[in-house]
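Participant: no sequence for this one, just the structure:
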């Protein structure tokens, strides 16, 4: 279980939200009903449907936590969830990028991708969005997110110079995205 986080459901009832690596799912857990776990989002299915397959078996979500983010214009509050999922084309910019999920209060999910603007075919992949934080700097006015990542990547993977951090400006107004449950 990764990223164990308290959430409120409709009606104010509290639940836990956590990610399980091997099945590649995010579950909602009800501590008041004998810790019943309900699959809320199937990461592997979502990306397999999106891409037509996966480039490996790793589907790690919620490495450390699932922080809140409140959009500075709309007031919409979401959870940001770091992710490692393998794109089937590991030599493309998308295959070298790192992914994250955004969960709204209704339990709907969309994904985002972090791409290295200096991408080349020999670039190291941005494995594992391990952490996402809202900028603590006053001048950023809640409009900047920092994404950081690293993952050991298994036996034989070169771990040299694979840690990364990117800064992203939050767009003004409401962002329209396709969502799936």
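Facilitator: Received, thanks. On a predicted model such as this, the values are computed, not experimentally measured, just so you know.
Participant: what about the lengthiest strand in the chain, distance to the chain center?
Facilitator: As assigned by DSSP state E, the longest strand anywhere in the chain is strand 77-85. Mean-position distance between strand 77-85 and its chain equals 3 Å (Cα atoms, centre = their mean, to the nearest Å).
Participant: Then stretch 84-95?
Facilitator: Chain-centre distance of stretch 84-95: 15 Å, with Cα atoms, centre = their mean.
Participant: what's the answer for stretch 14-23, then?
Facilitator: 13 Å.
Participant: Could you look up the SS state of residue 119?
Facilitator: Three-state call for residue 119 (DSSP: H, G, I helix; E, B strand; the rest coil): coil.
Participant: thought it was touching residue 95?
Facilitator: No. Checked against Cβ atoms under 8 Å, the pair residue 119 and residue 95 is beyond contact range at 9.9 Å. Quick note: C-beta positions are derived from backbone N, CA and C, even for glycine.
Participant: ranges for the helices of this structure?
Facilitator: Taking DSSP state H, the helices of the chain run over residues 43-51, 93-96.
Participant: List the pairing partners of the longest strand of the chain within its sheet, with orientation.
Facilitator: strand 59-61 (antiparallel), strand 68-70 (antiparallel), strand 98-104 (antiparallel) (DSSP bridges).
Participant: Nearest to residue 16, out of these?
Facilitator: Across these, residue 16 has its closest neighbour in strand 98-104 (13.5 Å, Cβ to Cβ).
Participant: Report the buried residues of the closest one.
Facilitator: Within strand 98-104, the residues that count as buried by 16 or more other Cβ atoms under 10 Å are 98, 99, 100, 101, 102, 103.
Participant: Quick check: the residue nearest to residue 31 when sequence neighbours are not counted vs residue 22, distance?
Facilitator: Spatial nearest neighbour of residue 31, chain neighbours left out: residue 16 (6.3 Å); criterion: Cβ to Cβ, 6 or more residues apart in numbering. The gap separating residue 16 from residue 22 is 19 Å, by Cβ to Cβ, to the nearest Å.
Participant: Same check on residue 31?
Facilitator: 23 Å.
Participant: Neighbour count for the two, which is higher?
Facilitator: Counted by other Cβ atoms under 10 Å, residue 31 and residue 22 do not tie: residue 31 has more neighbours, with 11 against 8.
Participant: for residue 114, what are its contacts?
Facilitator: 97, 98, 99, 100, 126, 129, 147, 149, 166, 168 (Cβ atoms under 8 Å, 6 or more residues apart in numbering).
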